[in-house]
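Trainee: no sequence on this one, just coordinates:
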């Protein structure tokens, strides 16, 4: 079987640069998304895709081994560019890679880009996000719908950064004629609902579906770059003019795509000014009045701002003072509770050669005594046997004051016996 594919990447309506990169070929589909807030995410994603595109040839039997090797080589290449330029330390990217051998698919995945399978009218998510909000979903603490607006929805737990060398998720599944595979960055899957993606994927050619998925993502309010790859499994080979597509930050030559047809390999903001089918790019001009009804881009990238250093807030000293006072109060409560408990403890020991009842615990801290003589009796250690006298000097625990007095009475009786 063969793949009929299309790919499109759009910078979106808010961001100034595209940190997504994608590649679609006869054997390989991959999307990499530079992690927001990191150093040069566009360079990380394009470096990873340029390394991964070497997988675009018919795989051998060990399809998962080839996938793992490709992901590791991409990670190593990122490590190399960081070593060449230390200023790039911290750059990272997601990677979702789908490899086709004519009969089955192998998938390698790390991060929060996604792969889906549309088969016989049903859409199934193939990959599992490596994100903080996904961990909350897995634990049942939030729903998928709540995750779309969670303040930490962009916190990635695993990515290719050339440092941690994370292992990708790897799996494979058989292909069927009529299958449609969808690979995208979180600019699409983080905005569109499952049902909306299913509706779009159920219609049209790969070209049409890819364009509509990007358009729908931006109309639904996506503030991120959006990259979509759609590929159909067919029993007939595609036409000879279907060439491999490189899109997004990894594209060698930026291209625009006519919506009416042709190869979907667009980069740049195709949909920024979209109104009822108009795809002309109308970038907002900061500081100028915007006509009524026009889209006003947020000048602050919310994802980058989450990671950026923030200036100290006003009254920071007062906040620190309040925290210090609270911690001091907690420490005082703990000390007071400990002292109160210690003063309910009793033990028997010697005080200047006599048997005495002590209040507190039989221990001392440097410069602090944790007990004091409560009752000093007339029982003389010199009038006790050596064994009894030594036991008293070492200290005899008592459950309470009455138990301590009972112990003293016992040694008083032994003193009388020794004297007799």
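Mentor: Cool, got the structure. If you're wondering where the values come from, they're calculated on a predicted model, not measured in any experiment.

Trainee: how's this protein carved up into domains?
Mentor: 2-307, 346-419 (automatic domain parsing).

Trainee: I'd like the next helix or strand past the one helix or strand residue 51 maps to.
Mentor: Assigned by DSSP states H and E, residue 51 belongs to helix 41-52. Sequence order places helix 63-84 as the next helix or strand after helix 41-52, per DSSP H and E.

Trainee: and that next one, how far out from the chain's middle?
Mentor: 21 Å (C-alpha atoms, centre = their mean, to the nearest Å).

Trainee: for that helix, packing partners?
Mentor: Under the contact criterion of 3 or more C-beta pairs under 8 Å, 6 or more residues apart in numbering; DSSP states H and E, helix 63-84 touches helix 41-52, strand 95-100, strand 104-110, strand 169-174. Every residue, glycine included, has its C-beta placed from N, CA and C.

Trainee: ok so, going back, okay, the domains of the chain, which one's buried deepest?
Mentor: Stretch with highest mean neighbour count among the domains of the chain: domain 2-307 (a mean of 19; mean count of other C-beta atoms under 10 Å).

Trainee: pLDDT of that domain, averaged?
Mentor: Averaging pLDDT along domain 2-307 gives 82.

Trainee: same deal with stretch 379-395?
Mentor: 84.

Trainee: same question, stretch 348-361
Mentor: 88.

Trainee: any chance of the domains of the chain in JSON lines, with distance to residue 326 too?
Mentor: Compiled in JSON lines, the domains of the chain are given as follows (distance: least, C-beta to C-beta, whole Å):
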{"stretch": "domain 2-307", "distance to residue 326": "25"}
{"stretch": "domain 346-419", "distance to residue 326": "25"}
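
Trainee: out of the ones you listed, the one nearest residue 338 is which?
Mentor: Minimum separation from residue 338 across the domains of the chain (C-beta to C-beta) falls at domain 346-419, 9.5 Å.

Trainee: can you classify residue 375 as helix, strand or coil?
Mentor: The three-state label given to residue 375 by DSSP: H, G, I helix; E, B strand; the rest coil is strand.

Trainee: what sits against it?
Mentor: By C-beta atoms under 8 Å, 6 or more residues apart in numbering, residue 375 lies in contact with 356, 357, 405, 408.

Trainee: which residues in the stretch 301-420 of the chain form strands?
Mentor: Secondary structure of the stretch 301-420 of the chain (DSSP state E, counting those that start in this stretch): strands at 346-351, 354-365, 368-380, 396-398.

Trainee: for residue 80, which of the ones you listed is the nearest?
Mentor: Using C-beta to C-beta, the strands of the stretch 301-420 of the chain put strand 354-365 closest to residue 80, at 56.8 Å.

Trainee: how much distance is there from the closest one to the middle of the chain?
Mentor: Distance of strand 354-365 from its chain centroid, counting by C-alpha atoms, centre = their mean, is 54 Å.
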